[in-house]
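> turn this into a structure:
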Amino acid sequence: MSGKGKVLVAMSGGIDSTITALMLHDEGYEVVGITMKTWDYSGSGGGKKETGCCNVDSFNDARMAAVHHGFPHFILDIREEFGDFVIDNFVDEYIAGRTPNPCVLCNTHIKWRAMLKRADAMNCDFIATGHYAKIHQHTNERFYISKAVDETKDQSYVLWGLQQDLLSRTLLPLGPYRKTEIRQMAIDYGYPELAKKSESYEICFVPDNDYRGFLKRRVTGLEEKVSGGNFINKEGQILGQHKGYPFYTIGQRKGLDITFGKPVYVTAINPNNNTVVLGDEEDLAKNEMMVGKINLLKYDTITPGMEAVTKIRYKDQGTLSNLYPANGQVKVQFYENAKGIAPGQSAVFYEGDDVIGGGIIQRTDPISLSNM
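From the prediction side, this is the model:
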């Protein structure tokens, strides 16, 4: 038994997870590699071959790295659990007129829980992944996420949902490094092909990036059920017909198949009457929103008026805001209007580089705390 303990490392076959496993192995941990099969793309009806993490080549790459460095590797099939929870939620959210973030849901409820369960069965002290973020413990004894050194690769936004029992046993070795350093490590370890390997930013079960096609294949008769609805403006005037409200997202400008001689954007989606609201870019600006399904990291409570930088999407730079707790949810008031707030997406609250917590955006209409 290693003096540093035994760690179960998620290995996708890509550069980040492979270097994570090798770094920990060299640091003296007893490493066990695990590759999770979440989705069988051959059965999805997509038009392209498997890409990303769920293909045989990736499995083999992970296994070969483990064998070469003398530690065990296993494949964990979680397709049934993944499909029932993550994919059903993905479909349900679009049908409800919202824009989901399945990677956050998968990290929070599927991958980490599946790893911890297997780690316990194998007497592992820790679990580890190749995410670019850091984990700290506050003086209040709570564990929390903070941004990676390389902000161009930082993934703290997608990890807001990890609960304390998960964070307390998670190692994120890549947080202190830049991507260029990790690529050089791959070369130094004798894996120059990894340093050149392309990275996938697609949803693993929609590797052709055509979520509309995925929805059509997944929900029988969806097009017929939602087609023929109206594009309207904020005054309710009909501007034309759309192809079905689930096929649009807040902030979308391209692919509307309607012209006005100026750019127009999707500003709201109303599933109840199958309408999609179009407006100017300025109509996307909102100064408040309600966030639910809250998970707090750095602190166990939010004090009314707490200041935070709130990110509303992965690549968002964040907007200074005040937070107000409200019956298990959080009302966010922005100092300056934020553009393109999409219900269903994650909102993550930062104090400097540290994640205070996060949740799922519920709505952006004017909100009175006195009525909640």
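> CA only for contacts and neighbour counts going forward, please
Will do.
> wait, what's in contact with A21?
Neighbour list for A21: V9, M11, V31, G33 [criterion: Cα atoms under 8 Å, 6 or more residues apart in numbering].
> ok, the residue nearest to D150 when sequence neighbours are not counted to V149 distance?
Among residues not flanking D150 along the chain, R178 sits closest, at 4.9 Å (Cα to Cα, 6 or more residues apart in numbering). According to Cα to Cα, to the nearest Å, R178 stands 6 Å off from V149.
> T259 now?
Distance, T259 to V149, by Cα to Cα: 44 Å.
> please enumerate the helices of the chain.
Remark: helices assigned in the chain by DSSP state H are 15-26, 56-69, 79-82, 88-95, 102-106, 112-121, 164-167, 179-188, 192-196, 211-218, 222-226.
> most packed of those helices?
When you average the neighbours per residue for each of these (mean count of other Cα atoms under 10 Å), helix 15-26 leads with a mean of 22.
> give me the low-pLDDT residue ranges for the stretch 51-200 of the chain?
For the stretch 51-200 of the chain, applying pLDDT under 70 flags the ranges 51-57, 200.
> residue ranges of the strands in the stretch 201-350 of the chain, please?
In the stretch 201-350 of the chain, the strands defined using DSSP state E, counting those that start in this stretch lie at 230-232, 238-241, 265-270, 275-279, 285-296, 306-311, 319-326, 329-339, 346-351.
> who wins for proximity to L105 among those?
strand 346-351 (9.8 Å; Cα to Cα).
> for D280, see how far away G261 is.
12 Å.
> so between those two, which is more surrounded?
Shown here are G261 and D280; by other Cα atoms under 10 Å, D280 has more neighbours (16 against 6).
> would you mind measuring from I34 to T364?
Noted for I34: a distance of 41 Å to T364, by Cα to Cα.
> what are the structural domain limits within the protein?
Under the assignment automatic domain parsing, the domains of the chain span 6-130+173-196, 231-279, 284-371.
> what residues of stretch 276-288 count as buried?
Buried positions in stretch 276-288, judged by neighbour count with 16 or more other Cα atoms under 10 Å: V276, V277, L278, G279, D280, E281, D283, L284, K286, N287, E288.
> nearest to E336, of those residues?
N287 (6.6 Å).
> spatially nearest residue to that closest one, not counting backbone neighbours?
N337 (4.5 Å).
> tell me the contacts of the one you found?
Here N337 is in contact with A285, K286, N287, E288 (Cα under 8 Å, 6+ apart).
> distance of it from G358?
N337 is 19 Å from G358, where distance means Cα to Cα.
> buried ones in stretch 240-257, by neighbour count?
For stretch 240-257, the neighbour count (16+ other Cα under 10 Å) marks 241-251, 253, 256 as buried.
> quick one: contacts of that stretch?
Outside stretch 240-257, the residues that reach it (Cα under 8 Å, 6+ apart) are 94-99, 212, 223, 226-232, 258, 263-271, 274-276, 284, 340-342.
> now with 6 Å?
94-95, 97, 212, 226-231, 264-267, 274, 340, 342 (Cα atoms under 6 Å, 6 or more residues apart in numbering).
> could you flag which of those residues are buried?
Neighbour-count burial (16+ other Cα under 10 Å) applied to the contacts of stretch 240-257 gives 94-95, 97, 212, 226-231, 264-267, 274, 340, 342.
> looking at it, I75 is touching G33, isn't it?
No. Between I75 and G33 there is no contact under Cα atoms under 6 Å: 8.6 Å.
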